[in-house]
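Undergrad: need a 3D model of the following:
(chains A, B, C, D, E and F)
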6 protein chains.
Amino acid sequence: MKLSKVDLSFQSCTSSYDEADVVIYSVPMDATTSFRPGTRFAGNAIRVDSFGVEWYSPYRDADLKDFKTVDTGDLDLPIGAVEDALDIVYEATKTVIKDGKKPMVIGGEHLITYPVLKALHEKYNDLHVIHLDAHTDLREEFFGRELSHATFMRQAHKFLGDHKIFQFGIRSGDKHEFEWAKKHIHQQKFDFEGLDKIVEQIKDKPVYITIDLDVLDPAVFPGTGTPEPGGMQYKDLLWAFDQFEKLNHIVGADIVELSPYLDPSGASNAVAAKSLRELILILHKNKNK
Amino acid sequence: MKLSKVDLSFQSCTSSYDEADVVIYSVPMDATTSFRPGTRFAGNAIRVDSFGVEWYSPYRDADLKDFKTVDTGDLDLPIGAVEDALDIVYEATKTVIKDGKKPMVIGGEHLITYPVLKALHEKYNDLHVIHLDAHTDLREEFFGRELSHATFMRQAHKFLGDHKIFQFGIRSGDKHEFEWAKKHIHQQKFDFEGLDKIVEQIKDKPVYITIDLDVLDPAVFPGTGTPEPGGMQYKDLLWAFDQFEKLNHIVGADIVELSPYLDPSGASNAVAAKSLRELILILHKNKNK
Amino acid sequence: MKLSKVDLSFQSCTSSYDEADVVIYSVPMDATTSFRPGTRFAGNAIRVDSFGVEWYSPYRDADLKDFKTVDTGDLDLPIGAVEDALDIVYEATKTVIKDGKKPMVIGGEHLITYPVLKALHEKYNDLHVIHLDAHTDLREEFFGRELSHATFMRQAHKFLGDHKIFQFGIRSGDKHEFEWAKKHIHQQKFDFEGLDKIVEQIKDKPVYITIDLDVLDPAVFPGTGTPEPGGMQYKDLLWAFDQFEKLNHIVGADIVELSPYLDPSGASNAVAAKSLRELILILHKNKNK
Amino acid sequence: MKLSKVDLSFQSCTSSYDEADVVIYSVPMDATTSFRPGTRFAGNAIRVDSFGVEWYSPYRDADLKDFKTVDTGDLDLPIGAVEDALDIVYEATKTVIKDGKKPMVIGGEHLITYPVLKALHEKYNDLHVIHLDAHTDLREEFFGRELSHATFMRQAHKFLGDHKIFQFGIRSGDKHEFEWAKKHIHQQKFDFEGLDKIVEQIKDKPVYITIDLDVLDPAVFPGTGTPEPGGMQYKDLLWAFDQFEKLNHIVGADIVELSPYLDPSGASNAVAAKSLRELILILHKNKNK
Amino acid sequence: MKLSKVDLSFQSCTSSYDEADVVIYSVPMDATTSFRPGTRFAGNAIRVDSFGVEWYSPYRDADLKDFKTVDTGDLDLPIGAVEDALDIVYEATKTVIKDGKKPMVIGGEHLITYPVLKALHEKYNDLHVIHLDAHTDLREEFFGRELSHATFMRQAHKFLGDHKIFQFGIRSGDKHEFEWAKKHIHQQKFDFEGLDKIVEQIKDKPVYITIDLDVLDPAVFPGTGTPEPGGMQYKDLLWAFDQFEKLNHIVGADIVELSPYLDPSGASNAVAAKSLRELILILHKNKNK
Amino acid sequence: MKLSKVDLSFQSCTSSYDEADVVIYSVPMDATTSFRPGTRFAGNAIRVDSFGVEWYSPYRDADLKDFKTVDTGDLDLPIGAVEDALDIVYEATKTVIKDGKKPMVIGGEHLITYPVLKALHEKYNDLHVIHLDAHTDLREEFFGRELSHATFMRQAHKFLGDHKIFQFGIRSGDKHEFEWAKKHIHQQKFDFEGLDKIVEQIKDKPVYITIDLDVLDPAVFPGTGTPEPGGMQYKDLLWAFDQFEKLNHIVGADIVELSPYLDPSGASNAVAAKSLRELILILHKNKNK
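TA: Coordinates of the predicted model:
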């Protein structure tokens, strides 16, 4: 018998960095979380519970083991230093892009999407973002800070520009956010209606997909810091994945805001793990287009 | 810096009693609960977790901070003395009515609605009640008692009279209750179908709204003593709120049967807190009609 | 006052064995569970929490107390000895059949259905099986074993034969299972579509119903070892029960895979207990046809 | 194979009522609980988890299966009617005494000890009570009621008389209770010191033992409504059991205040179940003296 | 009946700010927590659960209602901005000192003690600190930051000076911390031995008491971010409180590191609430010396 | 920035297999667990939560990073096949021994110690075993099986021989086990008394240390399948570690029976992780003797 070092990569994503086309990295950061923290533990919770996830997806008719994916684990972040942590996420993303691979990021709080977008935008000037979320995340500032989970998309808008952000499922925010959205971005309140048309419209653009899992109803995904009732069913998200598969140029994706300790049943981990499998497969299939 | 006494009012409902138009009070009572008790803790659980609720509702396009609401906390009840406790709820409600304000009550078990209805009926002889619930609550008696969570609406019928009670979402009870209901009240089994028509029909009547949150599916609201599968989604409840907004004369409302310890994820608290925000806004907007 | 031995039978199923038409027995076995074990505790968890279930079903307009049902509790199984345990389930089922009663089995893991089917098939050569599940359970082998929760239906196919198994709600498995299914069984992926037609088609055949409760979405039923997002709502299951009531010859039924410790809210226990009530009533009403 | 009705008696206490020397009954009552209710579920939680308890005690060198014990389950109590429920406990105890058996009672809240003492005192005029508890339970009244978990021992004193109550481990109460105790009862604050001497002193008296398990530190027994830090270790309780074994005339015993849902680890259930085994064995061995 | 605003002050600490001698404030900060965050919720959890705490302490023979204490609730802190948050704690403490009252602080993470010490040291140049903790908190820096829960006492040493810090119960840290401690502070590893002598030695000095509740064994206090087995029993802490009562000049105190969501039993809340009661009484009795 | 594969080795045990002196492997097996399963998840739970453990031990004055340890993760076991799984544990242990390294095993249920002992005994004919446990594990058979968690030490005795097994802390078993023990092994009931003398006695023998963490009181270690009240404090275990350090020839060690899901506070994980750190350091220091 041969013994070797423990490998707790996400289910069957056991390629080396060099051979991989898609790179998973998790960002253990919840520093600006205003209500209940804990998303820093999402990456490893998903890894450990991915044991319960099949490699094969009957939705995509595709199998993780037929693709090359590396899981690089949690980024090593300083505690309590928001800007420094964001720099590290930015650097990691730059590295992945430079090496010709696609980033598949696991949050952490939603702020971690900001440096990923910044890095991608430097390569793709015409970057479009599909953003599934319960919350607008469009505040000008939050508790006196420009960079927080509640402001990050407003800040990203500063370099992305008008009409590049496409929000769906939004059901919480303050009045100014909803009004600002009307002028600057595409925002679908409460559900995913029109997502198929938007996908058709931006089919050949470089698109980043960011999924705050709290877009799902807390029934489906209770393991999150700020549950917002009235959300989507998991079958709606599966339908959204079907739409994403039609895009021709996805440049990366993330899933954020799993807070595993908040759901002792483990069902939220299963939701995140299955979603990650689908997104990895979508990134790979997209590459082959 | 100035320090002052702790204020744990429900999210931004920080008016004084005198200036307020709507008065929140919670009733920490679960004395007749037959299965799993714990609803006595609902009021403060909602207060503490209301930190996670936005002041602004995109459903009502209205903001809590634009209205005057006071939160008076838990009523001070004797333990183990059902009748005495109900008297106190009755007296509190009488006070609120007398002072020209609207009661917004948080349970506790559903029996607490009985004294509220009694107090309101003394002012509004033509009182109508919209009752969302999984359970009929129409037993003639329960474990040998006339007043219990399982009987309260049958008892209230004695002063409300026939055809004043409108139940929706009912899916549990004994056979006699379902049969009695056919003759004396409006009862929609399993869902909210027809709620819009009933609202149209009683539009100008004095209406009290009582929401047993277990009308929701346990998926959406597991934090309740007697979960009854096969219930409503939160989007259905949001639709019901839209109907309520069309009423011209709402005289009060309650939400009952949150048992916070039963749902460690906190999602049930979020359901109750968001529902409370919507009901407060509906009460205020109704007043301005 | 008269005191007698404790009786923790499932809600009002307190007949003696001799007088009963339907026999409940639970199988405390989770020996081949690959991910999170704990289904061995399902039987007694359902018994204790059945206190929260009404005897009367408004869906069937029928009452448990109008029928003769015995609850015989957990079978006494050896720990860690899969084959020996399965033999005991087989013997218990043979006894129930021989005595002219209908088996109503509570899992445990899904493998426990295998010996039940084997015993029933010896009496009913034309046995048909309706199988609600998230998982295919059609592997040829699993971790080197022929008999496991992931293989049992493939093994049962060996005596049942082609086109006798009707799967619904399936959304997880490996590619070979899905392909094998196309040739040998009826398999509806993702939902219950067509269940009404199948029921019509096999109306007069001897039918066994096996319900892996993980066919439900983890939102509805988080208390299970391998939660698989994207499943059915409880109302869908109630609709399936309505279909089952149209069958003329149901020979037995089971519900499996409740793992009660995984859902601290108790909602999953309520789902299992209510489903058990419905199935018991369906078995009794079927008998009277 | 022979199938018969489910028997969920406490571990191996499966005698019939007629042949038994010790009678277990549980009292599912928590109606006057002032803080966190839930002790009504203790009886069945102990029954189900007694699977994890050995029949043999190395502390007593005795085995449950060598004695005749019946478990009669939960008494059937009206909900929300304190006096009626207490009457039923009283009647059950009278029956057990009349039939020449020893009562072994499981709470429920501590108030349930009151009717047990009342029934026993009618037979044993010189009844002595050893009372292990964190709380004095000596209030004259509580929330306006004479009979509550916080007053029951003061009320029992009215018929027991001075110097018949021996409290140990007390660490919570109001000032008046501590002062009253100095004159009327034996009260050892904070620990069990002197218990051996008291046992020696009342060795030949009729003695009832009432154990509020919250006398244990919350570390050992977190599953209780009002945890009071600074309590006893389980080894201290085992030492107390050793003392009890020296008594010549124990007339009954109870353990109260387990609230099983509050301790998801199940350790509190194990504490209650093991304590119950020890007390049953002590009652039986005492009888043989 | 008169209704007024909700008051969720800690048990019976309902004075106004002006009349109070002791001022409670809680600091909802866990920004530099390296492992499991959540201490931000401690203040309100203690407030709500203080319902289960008696006003009277048999340990101090004193009653909260005989003293004037105000509870000012959570300080209002910016999220994710460590320095700004610490400034607010500093300002609040300065205000309390200036107004001639004693600060009784509830954490939050242990870093919040730093600004409290800083403010107190400006008034009391000879400030001594008794520090109960599992962890040294003496790192020179931590994840690249000077101010964190793991460094705060080393930083405070810079203004307090040598031999002013008295640590007890320490059982975790890196080697350099233990070595640095030997030269600059008094450090008792593993237990409280010698605390009585230190109290005798610094009896007339201005003393601040900071209690990281993780000094207790995780058995006693599981509700904390970094449980460290091998700690103290609650009776040891009660003994320490007895020693503190002998001090003649206590200038303030804190208890930190309760993370309420981590202990679903609520026992950790009870530990914190009872400890707070004892410390409040010690502060008041000390004032009267 | 350089990205590489995720490494979730136990805290700082990141050597390669070849350079390591101590080899960690975990055995995800709970197949013969009679009460509550779940120990299969212990290995990865300890890995993930080892983030909260310092590298340095003030008890041993030693640091993990000064030694070469490899963590090889979970062994890959067949599900439901007890004998096959035990063979794999045996083979892994043989490999580690052959390669001149010391095995540091993480359970799983206690049965996994059997094949480890068997492999070690083949090299060390005079193998002595120190066994800390709540349970005797000395049954001749259990539920009809020779190999189970309740029998393994009796089976191991068959090759170890008389007077080679030294049990401490035992407090649960059936009468025959306790009597058998008197003749064949050293058994200290209830505590660790005499462990120091035994260590002195077998100082120069080859010794294996097996620690069933349920030897600890459930207060300290609730996260285990069969909690047995009346156990040891963690400080007792630390004292036992001090004794172990005096042994001259430790050939391996294990810690078993952590069931992480049963303790939502994570304190049991911390107990296991800290114990593992101590044992690793003891193994390394022993080697250097």
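
Undergrad: alpha carbons of stretch A:114-133, as CSV, please.
TA: Only the C-alpha atoms of stretch A:114-133 are listed here, as CSV (Å, rounded to 0.1, in the frame of the first residue of the first chain):
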residue,chain,number,x,y,z
TYR,A,114,-14.7,43.4,-6.5
PRO,A,115,-11.0,42.6,-6.9
VAL,A,116,-11.8,39.7,-9.2
LEU,A,117,-13.8,42.0,-11.5
LYS,A,118,-11.0,44.6,-11.4
ALA,A,119,-8.5,42.1,-12.5
LEU,A,120,-10.7,40.7,-15.2
HIS,A,121,-11.7,44.2,-16.4
GLU,A,122,-8.0,45.0,-17.1
LYS,A,123,-8.0,42.2,-19.6
TYR,A,124,-11.6,42.5,-20.9
ASN,A,125,-12.5,46.1,-21.3
ASP,A,126,-15.9,45.2,-22.4
LEU,A,127,-16.6,43.1,-19.4
HIS,A,128,-20.3,42.3,-18.6
VAL,A,129,-21.5,41.0,-15.3
ILE,A,130,-24.5,38.8,-14.6
HIS,A,131,-25.3,39.2,-10.9
LEU,A,132,-27.8,37.0,-9.0
ASP,A,133,-28.5,38.3,-5.6
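
Undergrad: in stretch A:140-156, which residues are buried?
TA: Neighbour counts over stretch A:140-156 (16 or more other C-beta atoms under 10 Å in any protein chain shown) mark A:142-143, A:145, A:147-156 as buried. Any C-beta I mention is one placed from the backbone N, CA and C, and that applies to glycine too.

Undergrad: check whether it contacts chain B.
TA: No: Stretch A:140-156 does not reach chain B (C-beta under 8 Å from any C-beta of the partner chain); its nearest approach is 10.3 Å.

Undergrad: can you give me the helices for chain A?
TA: Ranges of helices in chain A, per DSSP state H, are A:42-49, A:82-98, A:113-123, A:152-160, A:175-184, A:195-201, A:234-244, A:267-287.

Undergrad: tell me the contacts of the residue of the stretch 1-150 of chain A found nearest chain C?
TA: Nearest to chain C in the stretch 1-150 of chain A, going by C-beta to the nearest C-beta, is A:G52, at a distance of 4.4 Å. Taking C-beta atoms under 8 Å, 6 or more residues apart in numbering or on different chains as the criterion, A:G52 is in contact with A:270, A:273, C:35-36, C:225-227.

Undergrad: ok, so of the buried residues of stretch A:140-156, who is nearest F:H184?
TA: A:H149 (63.0 Å; C-beta to C-beta).

Undergrad: hang on, the earlier thing: near chain D too, which of the buried residues of stretch A:140-156?
TA: Among the buried residues of stretch A:140-156, chain D is touched by none when using C-beta under 8 Å from any C-beta.

Undergrad: hmm, which of those is lowest in pLDDT?
TA: Looking at these by pLDDT, the weakest one is A:F143, with 77.

Undergrad: where in the stretch 101-250 of chain A is pLDDT low?
TA: Across the stretch 101-250 of chain A, nothing is flagged by pLDDT under 70.

Undergrad: quick one on the thing from earlier: can you tell me which of the buried residues of stretch A:140-156 is closest to chain F?
TA: For these, the nearest to chain F is A:L147 (20.5 Å; C-beta to the nearest C-beta).

Undergrad: show me the contacts for that closest one.
TA: Contacts of A:L147 (C-beta under 8 Å, 6+ apart): A:32, A:82-83, A:86, A:111, A:114, A:155.

Undergrad: of those residues - the most surrounded one?
TA: The most crowded member of those is A:L111, carrying 31 neighbours; neighbours defined as other C-beta atoms under 10 Å in any protein chain shown.

Undergrad: now do the same contact list for that one.
TA: So A:L111 contacts A:29, A:31-32, A:82, A:86, A:147-149, A:152 (C-beta under 8 Å, 6+ apart).

Undergrad: wait, A:G43 sits on A:M29?
TA: No: the criterion here is C-beta atoms under 8 Å, and A:G43 misses it with A:M29 at 10.4 Å.

Undergrad: let me know the closest of the contacts of A:L111 to B:A119.
TA: Using C-beta to C-beta, these come closest to B:A119 at A:H149, 44.5 Å.

Undergrad: wait, that closest one sits on A:A31?
TA: No: counting by C-beta under 8 Å, A:H149 stays clear of A:A31, with 9.2 Å between them.

Undergrad: overlap in contacts, those two.
TA: Common neighbours of A:H149 and A:A31 (C-beta under 8 Å, 6+ apart) are A:109, A:111.

Undergrad: closest to A:V23 out of the contacts of A:G52?
TA: Taking the contacts of A:G52 together and measuring to A:V23 by C-beta to C-beta, the closest member is A:A273, at 17.5 Å.

Undergrad: neighbours around A:G225, how many?
TA: Neighbours of A:G225 using other C-beta under 10 Å come to 21.

Undergrad: chain neighbours aside, what residue packs nearest to it?
TA: Of all residues not flanking A:G225 in the chain, A:R36 sits nearest, at 4.2 Å (C-beta to C-beta, 6 or more residues apart in numbering or on different chains).

Undergrad: try A:K101
TA: A:V23 (4.9 Å).

Undergrad: what is the nearest of the buried residues of stretch A:140-156 to chain B?
TA: A:A150 (10.3 Å).

Undergrad: hang on, the closest one packs against A:S34?
TA: Yes: contact criterion C-beta under 8 Å: A:A150 and A:S34 qualify, at 6.9 Å.

Undergrad: list the contacts of the residue in chain A positioned nearest to chain D.
TA: Closest approach between chain A and chain D, counting by C-beta to the nearest C-beta: A:P264, at 7.8 Å. Listed by C-beta under 8 Å, 6+ apart, the contact partners of A:P264 are B:264-265, C:262, C:264, D:264, F:261, F:264.

Undergrad: try 6 Å this time
TA: Residues near A:P264 by C-beta atoms under 6 Å, 6 or more residues apart in numbering or on different chains: B:264, C:264, F:264.

Undergrad: gap between it and D:P264?
TA: 8 Å (C-beta to C-beta, to the nearest Å).

Undergrad: near chain B, which residues of the stretch 151-289 of chain A show up?
TA: A:172, A:174-175, A:218-219, A:222, A:226-227, A:229-230, A:262-264 (C-beta under 6 Å from any C-beta of the partner chain).

Undergrad: excluding its backbone neighbours, what's nearest A:T136?
TA: Nearest to A:T136 is A:G173, by C-beta to C-beta, 6+ apart, at 3.3 Å.

Undergrad: how much space separates that neighbour from D:I198?
TA: 67 Å.

Undergrad: so between the two, which is more surrounded?
TA: A:G173 (24 against 18).

Undergrad: residues touching the residue nearest the centre of chain A, list them.
TA: By C-alpha atoms, centre = their mean, chain A has its centre lying nearest to A:D254, at 2.0 Å. Contact analysis of A:D254 by C-beta under 6 Å, 6+ apart lists A:105, A:113, A:210.

Undergrad: and those residues, which is closest to chain E?
TA: A:T113 (15.7 Å).

Undergrad: who touches the nearest residue to the closest one once chain neighbours are set aside in this structure?
TA: Of all residues not flanking A:T113 in the chain, A:T210 sits nearest, at 4.9 Å (C-beta to C-beta, 6+ apart). Going by C-beta under 6 Å, 6+ apart, A:T210 touches A:113, A:131, A:254.
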